[in-house]
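K.L.:
need coordinates for the below:
(one chain, ligands or ions: 1)
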Amino acid sequence: MRVLVVLLALSGCCLAQLSVKMPGDIVLGGLFPVHEKGEKSPCGAKVYNRGVQRLEAMMFAVDKINADKTLLPTIRLGVNILDTCSRDTYALNRSLEFIRGSLNNLDVSAFECNDRRPPRIRSNSTGPVFGVVGGSYSSVSLQVANLLRLFHIPQISPASTAKALSDKSRFDYFARTVPPDTFQAIALVDIVKSLNWSYVSTVYSEGSYGEYGIEVFHREAQERNVCIAAAEKVPSAADERVFETILGKLLKKQNAKGVVLFTRAEDARGLLNASKRMQTSLHWIASDGWGKQQKLVESLEEVAEGAITVELQSEHMPGFDEYMMSLTPDNNHRNPWFDEYWQDTFSCILPQYMNAEDVDQEICSMDLRLSEKVGYEQESKVQFVVDAVYAFAYALHNLHRDLCRPKDKVCPAMATYDGGDFYRNYLLNVAFKDLGNSEVKFDSQGDGLARYDILNYQKLPNTSGYHYKVVGKWFHSLELNIDELVWNRGSDVIPTSACSLPCAVGMIKMQQGDTCCWICDKCEDYEFVYDEFTCRDCGPGRWPYPDKLSCFDLPLQYMRWDSLFAIVPAAISCLGIILTMGVVILFIRNNDTPIVSTSLDYLDFSFAFLP
Ligand code: GLU
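P.N.:
The predicted model follows:
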């Protein structure tokens, strides 16, 4: 296997530069992350399951449209699909290929043929790229959109969700079959709130996807009283050490057990790897960069267990699985990366790549087929790729109906139709039901509908395997089945992620820095809790209730004459009065005796000293 990886790494540069070319009357460009980003070179050695499936989804959709007698009946769609290697700069370089020959998308009034007639497209030409399906990472789409708009080439992304791409003053040729991340960020805050978490850390990837996404998350979280313990950015060239440093910083915030990830897939994996090495147990809540990818968590199942991830809600594309399962390296010659994908999926080597050092390698058997048994699962954004291709097809169909005669192929008016007008007048106005019967249309910003699935990465019952279980959905608001959630090591107790625990009855908060962090202080016995930060005296004759939230008047108790408490003191005081009266009478009667006059003199003397 190592030899195979080295071989692929060496060939990475050249394999990535290949393309899928299929001639047609109208050619659609495609940009997919077939390879992962490389560390030293632009392209990594590993093929990316997501990218290969999306590329095949485009081919699948084009095949279906070409076979359809009602949609674009006279026009054959062709493709020119390139690998972006999940990197914006590399994708930009490769996209130059799309604009080569695109001059007829510009104003052709500046050109004329030798015989002074206006130029027209050759009937046997594959033509320039009319529109582009892609990219996946927002940073890629953003870069490429800047280039394509200069050449009036409309673009539909099936995966780029960065909010910035909705800005039509900058990306006026860009549309997408997916929604902007504003909604995804709100969905993530909704999840955090529904778990009663008030203190979380965040990790985001450098670039438009992570940075814009986390910005909305932070803003929404603060508005809804969720504090951010630490916010860590993963630089685009992050290595193991960087991930360990980031994890170290997260661990310093001991009470922020929940970590929200707005990262690219490889960054999420880097973090999980570091978490495995450092044996930590944090609780992950992740955006669609992680989504429901099996490859991302391969051999990291234990640290990923319990993760809650968000993925764009999509329907299973009927027919696509059968299409994928029918492909083999022998029959799929149009995809130059399929052999790599095959070898990676089955961990074997195809005989044609075998050389002397590979003797201990397992050779791929001729009987191998993609199936659920070998872990094949339809990628979650396949639907959006197919929808993007169909959106182009429907828009082109309408353009052809308006500009050409029914029997025409691409008539000159259509070939020279301005891409900007096509985008505004045709592409944004398409509305159709896709192969999975979902409605597809764009809003005025060229964005798709915001619906998400909420998944929980759990162990499968009675097996050693894991899977992503759908535990909720988000469409304007969150519906989450909290009882179905499973956390680290299979626990079903919702973990706490709060800087300080709520104060007990009769205690107030003494804020410590962050609004979510405090220590609790007890009010005096006669005080009540006025607000979460203040104790107040109940006042005279009043006492706090047991919940210490307010006070009541102390009751005045009247004594009853027939009670022992009244009879005993009354009897004693009557006795005292009688004795005093007796003494007075005795004194009056015997006032001329020496003992009485001495007592009275003594009384006088005592009064003289009174103040
Ligand atoms: N939504 C991510 C982005 O905009 C891409 C995720 C994917 O490729 O599935 O960068």
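
K.L.:
C-alpha only now, for contacts and for neighbours.
P.N.:
Fine.

K.L.:
what parts of this protein come near the ligand?
P.N.:
For the chain, the residues in contact with the ligand under the definition C-alpha under 6 Å from any ligand atom are S136, Y137, S138, A159, S160, T161, A162, Y209, D288, G289.

K.L.:
tell me the contacts of the first one?
P.N.:
This points to S136. When the contact criterion is C-alpha atoms under 8 Å, 6 or more residues apart in numbering, the partners of S136 are L31, F32, P33, S86, S157, P158, A159, S160.

K.L.:
next, V529: phi, psi?
P.N.:
phi -80, psi 110 (degrees, to the nearest 10).

K.L.:
typo on my end, L603
P.N.:
Dihedral angles phi and psi of L603 (degrees, to the nearest 10) take the values phi -60, psi -40.

K.L.:
give me the neighbour count for it.
P.N.:
The criterion is other C-alpha atoms under 10 Å. On that basis, L603 has 11 neighbouring residues.

K.L.:
just L272 next, same as before
P.N.:
Burial of L272, expressed as a neighbour count using other C-alpha under 10 Å, amounts to 26.

K.L.:
now tell me which of the contacts of S136 the prediction trusts least.
P.N.:
Ranked by pLDDT, those bottom out at S86, which scores 93.

K.L.:
how about the helices in the stretch 301-450 of the chain?
P.N.:
Assignment of helices within the stretch 301-450 of the chain using DSSP state H, counting those that start in this stretch yields the ranges 301-304, 320-326, 338-346, 382-403, 412-415, 419-421.

K.L.:
okay if I get those as a markdown table plus distance to S464?
P.N.:
Written out in a markdown table, the entries for the helices of the stretch 301-450 of the chain read as follows (distance: least, C-alpha to C-alpha, whole Å):
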| stretch | distance to S464 |
| --- | --- |
| helix 301-304 | 10 |
| helix 320-326 | 25 |
| helix 338-346 | 20 |
| helix 382-403 | 28 |
| helix 412-415 | 57 |
| helix 419-421 | 53 |
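
K.L.:
with mean pLDDT and mean neighbour count as extra columns, can I get these in CSV?
P.N.:
What follows is these, written out as CSV (pLDDT from 0 to 100; neighbours: other C-alpha atoms under 10 Å):
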stretch, mean pLDDT, mean neighbour count
helix 301-304, 95, 23
helix 320-326, 97, 15
helix 338-346, 94, 19
helix 382-403, 97, 23
helix 412-415, 92, 17
helix 419-421, 95, 18
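
K.L.:
quick one: which of those is nearest L485?
P.N.:
Across the helices of the stretch 301-450 of the chain, the minimum distance to L485, taken as C-alpha to C-alpha, is reached by helix 301-304, at 13.5 Å.

K.L.:
which strands or helices does the closest one pack on?
P.N.:
Judged by 3 or more C-alpha pairs under 8 Å, 6 or more residues apart in numbering; DSSP states H and E, the packing partners of helix 301-304 are helix 265-278.

K.L.:
circling back to that earlier point, now the contacts of S136 as JSON lines including secondary structure and neighbour count?
P.N.:
Below are those laid out as JSON lines (DSSP: H, G, I helix; E, B strand; the rest coil; neighbours: other C-alpha atoms under 10 Å):
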{"residue": "L31", "secondary structure": "strand", "neighbour count": "28"}
{"residue": "F32", "secondary structure": "strand", "neighbour count": "30"}
{"residue": "P33", "secondary structure": "coil", "neighbour count": "29"}
{"residue": "S86", "secondary structure": "coil", "neighbour count": "29"}
{"residue": "S157", "secondary structure": "strand", "neighbour count": "28"}
{"residue": "P158", "secondary structure": "coil", "neighbour count": "28"}
{"residue": "A159", "secondary structure": "coil", "neighbour count": "27"}
{"residue": "S160", "secondary structure": "coil", "neighbour count": "27"}
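
K.L.:
buried residues in stretch 165-182, which are they?
P.N.:
165-166, 171-182 (16 or more other C-alpha atoms under 10 Å).

K.L.:
what does it rub up against?
P.N.:
Around stretch 165-182, the neighbours that count as contacts under C-alpha under 8 Å, 6+ apart are 142, 145-146, 148-149, 152-163, 213, 216, 312, 384-385, 387-388, 419-420, 423, 428, 440-442, 445-451.

K.L.:
show the contacting residues for the residue in the stretch 251-400 of the chain positioned nearest to the ligand.
P.N.:
At 4.5 Å from the ligand, G289 is the closest residue in the stretch 251-400 of the chain, using C-alpha to the nearest ligand atom. With contact set as C-alpha under 8 Å, 6+ apart, G289 has these partners: F262, T263, R264, A265, A268.

K.L.:
and what about it, helix, strand or coil?
P.N.:
Remark: G289 carries the secondary structure label coil [criterion: DSSP: H, G, I helix; E, B strand; the rest coil].

K.L.:
where does it land on pLDDT?
P.N.:
Looking at G289, its pLDDT is 96.

K.L.:
phi, psi for the closest residue to the ligand within the stretch 151-300 of the chain please.
P.N.:
Of all residues in the stretch 151-300 of the chain, S160 sits closest to the ligand, at 3.3 Å by C-alpha to the nearest ligand atom. Recorded main-chain torsions at S160 are phi -80, psi 120, according to degrees, to the nearest 10.

K.L.:
L142 now?
P.N.:
The phi and psi torsions at L142 (degrees, to the nearest 10) take the values phi -60, psi -50.

K.L.:
same check, this time on Y602
P.N.:
Backbone torsions of Y602, given as degrees, to the nearest 10, read phi -60, psi -40.

K.L.:
what about stretch 468-485, how long is it end to end?
P.N.:
Taking C-alpha to C-alpha, to the nearest Å, stretch 468-485 runs 11 Å from one end to the other.

K.L.:
pull out the buried residues from it.
P.N.:
Of all the residues in stretch 468-485, those buried under the rule 16+ other C-alpha under 10 Å are Y468, K469, V470, V471, G472, K473, W474, L478, E479, L480, L485.

K.L.:
same question for the longest helix along the chain, mean pLDDT?
P.N.:
Looking across the chain with DSSP state H, the single longest helix is helix 564-589. In this model, helix 564-589 has a mean pLDDT of 90.

K.L.:
cool, and stretch 549-561?
P.N.:
84.

K.L.:
and it, which residues are buried?
P.N.:
Residues of stretch 549-561 classed as buried under the neighbour-count rule (16+ other C-alpha under 10 Å) are L549, S550, C551.

K.L.:
export that stretch as PDB, just CAs?
P.N.:
Output for stretch 549-561, consisting of C-alpha atoms alone and laid out as PDB, is shown next (Å, rounded to 0.1, in the frame of the first residue of the first chain):
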ATOM      1  CA  LEU A 549     -37.500  35.400  45.200                       C
ATOM      2  CA  SER A 550     -39.800  37.700  47.200                       C
ATOM      3  CA  CYS A 551     -40.800  38.500  50.800                       C
ATOM      4  CA  PHE A 552     -44.000  38.300  52.900                       C
ATOM      5  CA  ASP A 553     -45.300  40.300  55.900                       C
ATOM      6  CA  LEU A 554     -44.500  38.600  59.200                       C
ATOM      7  CA  PRO A 555     -47.900  37.700  60.800                       C
ATOM      8  CA  LEU A 556     -49.000  39.600  64.100                       C
ATOM      9  CA  GLN A 557     -50.200  36.900  66.600                       C
ATOM     10  CA  TYR A 558     -53.000  37.900  69.000                       C
ATOM     11  CA  MET A 559     -53.200  36.100  72.400                       C
ATOM     12  CA  ARG A 560     -56.400  34.500  73.500                       C
ATOM     13  CA  TRP A 561     -57.500  35.000  77.100                       C
END
